[in-house]
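# only geometry, no sequence info:
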């Protein structure tokens, strides 16, 4: 679960309703450029747009965010000034325009350029239109008629003139080459910061680094936890390769209806499911008390309620907005109680059979879903989060029963050892806990691959 990010614009007047799909996308991208690399997680407004334009706006925005480093590198090849030195509004138009030229081959080149130029002229200033026109036309030249090549061998460096796409194709670039050195080329081609690629390279062979980087290009499918389904499953769910999970293949509006109707199904990635299932195997009990200290959206809270059908579950979160949503989501639930974090010790000191710590982390196992997370990754963030994780572990210990001793389920969606095994070992060394069991899951699924084989990366450890 990512640490809460304050929306510093929440008291600002609402922006005017977008007049087109591109206007909606460019405004949101401009907002993100202003915050780089601490992107805002608030949704993009498409109020006033019909369904088709709203879908186009989201496609432009999502493609731009997923490939920001790639698109910035391309733009810096064709402009005198580096993208990050430009005003945010201009950055947003250029990033969104290049995303259409490179990543969205159903959009006519002239349409992407002309509407980007018009938006720049009318929204930024007249002179901005000329700059956008010149840059986008140069970029369009290296795409040409959009030729595609066969994927390069998995055990060989990718050619400098090929750009991987999220659907498994490789776009041929004309008159421009990606970086000469392999690791920087991999980072630019897949939109990962050099820090992250270099970290992975110190621990893993080249082919695995490429798989991790390419995995982040996938538009992650929707996976449902169906292990505790009490009614027949609908036809738009396809069996996942992991037992107890299915992949949703229907339209979005039908998914919303399904989840509103069925409390025995919920959205949860296959890797995320393993933490609670592993705890159930390692920490078996019937009636008891479970504390979910970092409940977030309540996904694992629901899983705990299903896996331990006779336990009472107390869920909390330090983010007040999340806490409010949890209270709404579990209103009237007979066994799930939402509690303010300030009341934990007063109410539950020494009572917990199991404490779930789904701690804030770098999210490096879920970069296909949390596309903004990769841009924040650096040594400072990793150290800050590791310190927070240690404090959460230490704070949770007083909640545990003494006889029989309660257990901790520590969980992240990270691939970084400092947030995973190192934290479990630290808890064992300094807090007299044993590492009863642990599991590291690496992401599965490549661009163009089978959605039913997709899963995120995750780690969990049972401590007691």
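Right, received. Where do you want to start? Please read these numbers as outputs of a predicted model, since none were measured by experiment.

# all contacts plus neighbour counts: C-alpha atoms, from now on.
Fine.

# So residue 335 sits against residue 306, correct?
No. Residue 335 lies out of contact with residue 306 (Cα atoms under 8 Å); the separation is 10.4 Å.

# where does the residue of the chain most remote from its centre land on pLDDT?
Using Cα atoms, centre = their mean, the residue of the chain lying farthest from its centre is residue 403. It sits 39.2 Å away. Looking at residue 403, its pLDDT is 90.

# ok, it - contacts?
Applying Cα atoms under 8 Å, 6 or more residues apart in numbering to residue 403 gives no contacts.

# quick one: it from residue 164, how far?
Between residue 403 and residue 164 the distance is 55 Å, computed by Cα to Cα, to the nearest Å.

# which stretches of the stretch 151-300 of the chain form strands?
Taking DSSP state E, counting those that start in this stretch, the strands of the stretch 151-300 of the chain run over residues 162-164, 170-172, 222-225, 237-239, 245-248, 266-267, 289-292.

# Mind putting these into JSON lines with distance to residue 50?
Output for the strands of the stretch 151-300 of the chain, formatted as JSON lines (distance: least, Cα to Cα, whole Å):
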{"stretch": "strand 162-164", "distance to residue 50": "31"}
{"stretch": "strand 170-172", "distance to residue 50": "31"}
{"stretch": "strand 222-225", "distance to residue 50": "24"}
{"stretch": "strand 237-239", "distance to residue 50": "28"}
{"stretch": "strand 245-248", "distance to residue 50": "24"}
{"stretch": "strand 266-267", "distance to residue 50": "27"}
{"stretch": "strand 289-292", "distance to residue 50": "40"}
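
# Residue 356 is nearest to which of the ones you listed?
With Cα to Cα as the criterion, residue 356 lies closest to strand 289-292 of the strands of the stretch 151-300 of the chain, at 4.8 Å.

# Just confirm residue 68 contacts residue 191, I think it does.
Yes. Using Cα under 8 Å, residue 68 is in contact with residue 191, at 6.3 Å.

# Now the terminal residues of stretch 225-237, how far apart.
Start-to-end, stretch 225-237 (Cα to Cα) is 11 Å.

# My error: substitute stretch 312-327 in the last question.
15 Å.

# distance between it and the chain's centre?
Centroid separation between stretch 312-327 and its chain, computed with Cα atoms, centre = their mean, to the nearest Å, is 21 Å.

# now stretch 20-40
17 Å.

# Next, the buried residues of it.
By 16 or more other Cα atoms under 10 Å, the buried positions in stretch 20-40 come out as 20-34, 39-40.

# Any stretches of the stretch 151-300 of the chain with poor pLDDT?
For the stretch 151-300 of the chain, no stretch has pLDDT under 70.

# Where do the helices of it begin and end?
Shown for the stretch 151-300 of the chain, the helices assigned by DSSP state H, counting those that start in this stretch span residues 182-190, 194-201, 206-215, 252-261, 270-282, 299-307.

# Give me the buried stretch members for the longest one, please.
In other words, helix 270-282. For helix 270-282, burial by neighbour count (16+ other Cα under 10 Å) applies to 270, 271, 272, 273, 274, 275, 276, 278, 279, 282.

# same check, this time on the fourth one
By neighbour count with 16+ other Cα under 10 Å, helix 252-261 contains the buried residues residue 255.

# do the same with stretch 149-157
For stretch 149-157, by 16+ other Cα under 10 Å, it's residue 157.

# Identify the residues contacting that stretch?
By Cα under 8 Å, 6+ apart, stretch 149-157 touches 158, 159, 162, 168, 169, 170, 171, 172, 182, 206, 207.

# In three-state terms, how would the residue nearest the centre of the chain be classified?
Central residue of the chain (Cα atoms, centre = their mean): residue 370, 1.5 Å from the mean position. Following DSSP: H, G, I helix; E, B strand; the rest coil, residue 370 is assigned to coil.

# Skipping its backbone neighbours, what lies nearest it in space?
Leaving aside its chain neighbours, residue 370 sits nearest to residue 363 (7.3 Å; criterion: Cα to Cα, 6 or more residues apart in numbering).

# so how many other residues sit close to that neighbour?
26 (other Cα atoms under 10 Å).

# Would you check how far apart it and residue 45 are?
Residue 363 is 25 Å from residue 45, by Cα to Cα.

# Count the residues that sit near residue 329.
Neighbours of residue 329 (other Cα under 10 Å): 14.

# what's the spacing between it and residue 337?
From residue 329 to residue 337 the distance is 11 Å (Cα to Cα).

# and if you look at residue 290?
Looking at residue 290 against residue 337, where the rule is Cα to Cα, the gap reads 10 Å.

# So between those two, which is more surrounded?
residue 290 (28 against 17).

# Is the more buried one bridged to anything, and to what?
residue 313, residue 354 (DSSP bridges).

# That one: what's it in contact with?
311, 312, 313, 314, 352, 353, 354, 355, 356.

# okay but residue 460 is in contact with residue 412, surely?
Yes. The pair residue 460 / residue 412 is scored as a contact, 6.5 Å apart, by Cα under 8 Å.

# Overlap in contacts, the two.
Taking Cα under 8 Å, 6+ apart as the contact rule, residue 460 and residue 412 both touch residue 420.

# Against which helices or strands is the helix or strand encompassing residue 131 packed?
Element membership for residue 131 (DSSP states H and E) is helix 126-143. Applying 3 or more Cα pairs under 8 Å, 6 or more residues apart in numbering; DSSP states H and E, we find helix 126-143 packed against helix 68-77, helix 88-103, helix 109-119.
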